[in-house]
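>>> Got a predicted structure here, sequence first:
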Amino acid sequence: MVIRLPIFGGILKTKFNPKITIVSIVFLWSVMQIMMAWVISLMVIIIYRIILGIAEE
């Protein structure tokens, strides 16, 4: 079991408006999910998964 701490999202929510932060993170998550359908190589999958992981925090 992996324990994840929402550090990235927490920092953004304290510095910026929480509503804008949440909407931005949901938008980023949605875009990354869509882009996963057009993956060409393994390196692109790794990059997209890292960005998706940041957006899921």
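Looks like it arrived, so ask away.

>>> Which strand or helix spans the closest residue to I51 other than its chain neighbours?
By the measure of CB to CB, 6 or more residues apart in numbering, the closest residue to I51 outside its immediate chain neighbours is M32, 5.3 Å from it. For every residue, glycine as well, the C-beta is placed using N, CA and C. Secondary structure from DSSP states H and E places M32 in helix 18-35.

>>> Averaged pLDDT, that helix. What do you get?
Taken as a whole, helix 18-35 has an average pLDDT of 82.

>>> what's that helix packed up against?
With contacts defined as 3 or more CB pairs under 8 Å, 6 or more residues apart in numbering; DSSP states H and E, the secondary structure elements packing on helix 18-35 are helix 7-15, helix 42-56.

>>> ok, how many other residues are close to the residue nearest to I51?
Residue neighbour count, defined by other CB atoms under 10 Å, stands at 19 for M32.

>>> Go ahead and confirm it touches Y48.
Yes - taking CB atoms under 8 Å as the definition, M32 is a contact partner of Y48 at 5.6 Å.

>>> How confident was the prediction at I7?
We have a pLDDT of 61 for I7.

>>> now the one 5 residues further on
At L12, the model reports a pLDDT of 67.

>>> How about G53?
Per-residue confidence at G53 stands at 76 (pLDDT).

>>> and what of R4?
pLDDT, the model's per-residue confidence, is 55 for R4.

>>> what's in contact with stretch 36-52?
Outside stretch 36-52, the residues that touch it by CB atoms under 8 Å, 6 or more residues apart in numbering are L28, W29, M32, Q33, M35.
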